[in-house]
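**Student:** Whatever this is, show me its structure:
(one chain, ligands or ions: 2)
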Amino acid sequence: MFIDSHAHLEGKRYDSDREVVLARAKQGGIEAYLAVGNGDGPDTADCGIQLAEKYSGKAQFPHIWASVGIHPHEASLANDAAYARMEQWARHPKVVAWGEIGLDYFYDHSPRDVQKTVFLKQMELARAAKLPIIIHCRPSENSENAWNDCLALIAEHWTSTGLGGILHCFTGTGEHARRGLDLGFMISFAGNITFPKAQNIRDAAQIVPLDRMLIETDSPYLAPIPYRGQRNEPAFVKEVARQIAELRRTSAEEIGFQTTQNFYRFFKLGEKNESVGTRA
Ligand SMILES: [Zn+2]
Ligand SMILES: [Zn+2]
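**Tutor:** Numbers count the residues shown, from 1 in each chain. Ligands and ions are numbered 1, 2, ... in the order given. Have a look, this model is predicted:
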C-alpha cells in the first residue's frame, strides 16, 4: 500500500485520461492521494475539492483528500475576496490541509515581500481553520535564502499552533531537514530523489526518522527515474519508495506501509478504508 501525499491532477494534461491515471494508481496499490488545491491561482483553489467530490469513494479509484491554498507563485493574485472564499472551502469535509504555501525565490513569480505577506496571512487562516500546512520552499540558485526565511517564519508564527505541517518535495540538505523536524514538521520526498545530482536529498532521506516521512509525486512535475521527463502520475510514487528503501536497506513495501501509516496519523484520519469520508 502506498499514498501519494501531494499531486496536482486537475490540469489539462490529464483531461484526456484522468480516470485511466487514477485507475492505474489504484491497481498499483496507491490507496489514496492528496489533491493539492492551488489551481491556476486563488480563483481555482477548489480544484482538489472538485476531484475529491467527483472520484472519491469509488472502488476503482484511490481515495482523494484535498487541500486549499495560494502558491507563492500566485501570491500577487491574493486579495480579501480570495481569502474569504478559501476560508469557506477549507471547511469542506475532504480538506485536510492548507497548502501548498511558502516561498519560491527560484522563479520569483511574485515579489518576495508579497510572498512573505501572503504566506503569513495563510498561516493565520490555517490556524483559524485548525489545519496543518503544506510548505513549498525553493531558494534561488546556490543559496539557502528561502530556507532561512521560511523556517524562521514557521518558528515565529506557526510552531505554537501545534498543528504541524509538511515540507513538501523536500530539496534541502540534511541540516534543513533537521531544522524542519525540530519544528515538528513531516518531510515529504518526491521523484527528484532519484535524480543523479540529488545526493543532498538522498542524504536527507537517510536521517529523517521513518515515522516522520511521507512520499509524493508532485504530479505532473518531477517524474522519477525511469519515467524522468514524462508526465508524472500517482502510480510512480512507488519509485520514490524504492529509492528510499534502497537507502534505508529495507523494501519499497515497508516504506509504503510506514508512510501510509504516517499519512493517516498525521492527518488524524480514521482507519484506511474507502468508507472513511471525513476527518476524525
Ligand atoms: Zn511545490
Ligand atoms: Zn505541488
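
**Student:** CA only for contacts and neighbour counts going forward, please
**Tutor:** Fine.

**Student:** Off-centre distance for the lengthiest strand in the chain?
**Tutor:** The single longest strand within the chain, with elements called by DSSP state E, is strand 95-104. Its chain's C-alpha centre and that of strand 95-104 lie 8 Å apart, by CA atoms, centre = their mean, to the nearest Å.

**Student:** Adjacent strands (with direction) for it?
**Tutor:** Partner strands and pairing direction for strand 95-104 (DSSP bridges) are strand 63-68 (parallel), strand 133-138 (parallel).

**Student:** next structured bit after it?
**Tutor:** The helix or strand immediately downstream of strand 95-104 is helix 112-129, counting by DSSP states H and E.

**Student:** what's that next one packed up against?
**Tutor:** Applying 3 or more CA pairs under 8 Å, 6 or more residues apart in numbering; DSSP states H and E, one finds that helix 112-129 makes contact with strand 95-104, helix 145-157.

**Student:** List of residues touching the longest one?
**Tutor:** Under the criterion CA atoms under 8 Å, 6 or more residues apart in numbering, residues 102-105, 120, 123, 137-140, 172, 176, 179-180, 183 lie in contact with helix 145-157.

**Student:** Among the residues you listed, which one sits closest to residue 201?
**Tutor:** The closest of the contacts of helix 145-157 to residue 201 turns out to be residue 172 (CA to CA; 6.5 Å).

**Student:** circling back to that earlier point, from the strands paired with strand 95-104, which stretch is densest packed?
**Tutor:** Stretch with highest mean neighbour count among those: strand 63-68 (a mean of 28; mean count of other CA atoms under 10 Å).

**Student:** quick one: average pLDDT of that strand?
**Tutor:** Strand 63-68 shows a mean pLDDT of 98.

**Student:** ok, then the element right after it?
**Tutor:** helix 80-89.

**Student:** Show residues contacting that following helix.
**Tutor:** 42, 43, 45, 46, 68, 69, 95, 125, 129.

**Student:** hmm, 10 Å instead?
**Tutor:** Helix 80-89 is contacted from outside by 41-46, 49, 67-70, 95, 98, 118, 121-122, 125-126, 128-129, using CA atoms under 10 Å, 6 or more residues apart in numbering.

**Student:** Output it as CSV, restricted to C-alpha atoms.
**Tutor:** C-alpha atoms of helix 80-89 as CSV (Å, rounded to 0.1, in the frame of the first residue of the first chain):
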residue,chain,number,x,y,z
ASP,A,80,-9.5,39.7,0.7
ALA,A,81,-12.2,38.1,-1.6
ALA,A,82,-9.9,35.2,-2.3
TYR,A,83,-9.1,34.7,1.4
ALA,A,84,-12.8,34.7,2.2
ARG,A,85,-13.5,32.1,-0.5
MET,A,86,-10.7,29.9,0.8
GLU,A,87,-12.0,30.1,4.3
GLN,A,88,-15.2,28.6,3.1
TRP,A,89,-13.5,25.9,1.0
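
**Student:** Please identify the buried residues of it?
**Tutor:** For helix 80-89, the neighbour count (16 or more other CA atoms under 10 Å) marks 82, 83, 86, 87, 89 as buried.

**Student:** for stretch 85-104, same thing?
**Tutor:** Residues of stretch 85-104 classed as buried by neighbour count (16+ other CA under 10 Å): 86-87, 89-90, 94-104.

**Student:** Which members of those residues are the farthest-apart pair?
**Tutor:** 94 and 104 (27.0 Å).

**Student:** low-scoring stretches of the protein, by residue?
**Tutor:** 271-280 (pLDDT under 70).

**Student:** How much space separates residue 128 from residue 207?
**Tutor:** 33 Å (CA to CA, to the nearest Å).
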